[in-house]
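Colleague: Sequence first, then the predicted structure:
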Amino acid sequence: MHADLDRVLFREDEIARRLDTLASEITTDYMGKELTVLAILNGSLIFMADLLRRIPLPLELDCLRVRSYYDEMESSGQVSFDRSALPKLADRHVLLLDDILDSGQTLAAIVEAVREDVKPLSIRSCVLLRKIKTRARPIEADYVGFNIGDEFVVGYGLDYQERYRNLSVIGVLRKP
């Protein structure tokens, strides 16, 4: 699978060090608060598991399956998820976890739905990767693992046509 990569952006040890820092920041910010982590699946699964094990706080975890790529290398702009599947989050501080902030469509749609439908005490977001580019929706993440260029990346949970999620590195996929 590594042969399908044009180049590796982040090795496993670099990811681990960055997760240590993110976990420390999140722990400091949520100390003494009722925290619920809402992870966006499938892309954030590996990121979520590794990050949450580093956060020594009592927290609740829920997941939301969201789609926006539909087997393409660019976001379709169409975000689909079941709003009725949103957990009860009133009186909670919510931290959304996602794999990548690209067009902004996914994160903006989920933030909007959570604010409107479940009215948490607060809502912040944490992404493993943030593409440095103009977004279709003007939104930024509160916690960012790494900034990257506008390239299609896979590994560490990120996929192309459901492949490459199990890579321990994050790399740029060779163009087919």
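Modeller: That came through, no problem. Residues are numbered from 1 along each chain as shown.
Colleague: Tell me which residues touch Asp142, please.
Modeller: Residues in contact with Asp142 (C-beta atoms under 8 Å, 6 or more residues apart in numbering) are 124-126. Where C-beta positions appear, they are placed from N, C-alpha and C, glycine not excepted.
Colleague: Show me which helix runs longest in the chain.
Modeller: Identified as the longest helix of the chain according to DSSP state H is helix 12-30.
Colleague: Can you list the strands that the following helix or strand past that helix pairs with?
Modeller: Next helix or strand after helix 12-30 toward the C-terminus (DSSP states H and E): strand 35-41. Partners of strand 35-41 in the sheet, by DSSP bridges, are strand 59-65 (parallel), strand 93-101 (parallel).
Colleague: which residue is nearest the centroid of this protein?
Modeller: Asp98 (1.3 Å; C-alpha atoms, centre = their mean).
Colleague: Which residue is the nearest non-sequential neighbour of that one?
Modeller: Nearest residue to Asp98 in three dimensions, chain neighbours excluded: Ile40, at 4.3 Å (C-beta to C-beta, 6 or more residues apart in numbering).
Colleague: And for that neighbour, the neighbour number?
Modeller: Using other C-beta atoms under 10 Å, Ile40 has 25 other residues around it.
Colleague: Now do the contacts for it.
Modeller: Taking C-beta under 8 Å, 6+ apart as the test, what Ile40 contacts is 63-64, 66, 96-99, 106, 110.
Colleague: For these, point out the one with the lowest pLDDT.
Modeller: In this model, the minimum pLDDT among those belongs to Val66 (81).
Colleague: That one contacts Asn42, doesn't it?
Modeller: No. Val66 lies out of contact with Asn42 (C-beta atoms under 8 Å); the separation is 9.0 Å.
Colleague: so where do the helices sit in the protein?
Modeller: Using DSSP H, helices in the chain cover 12-30, 45-52, 105-117.
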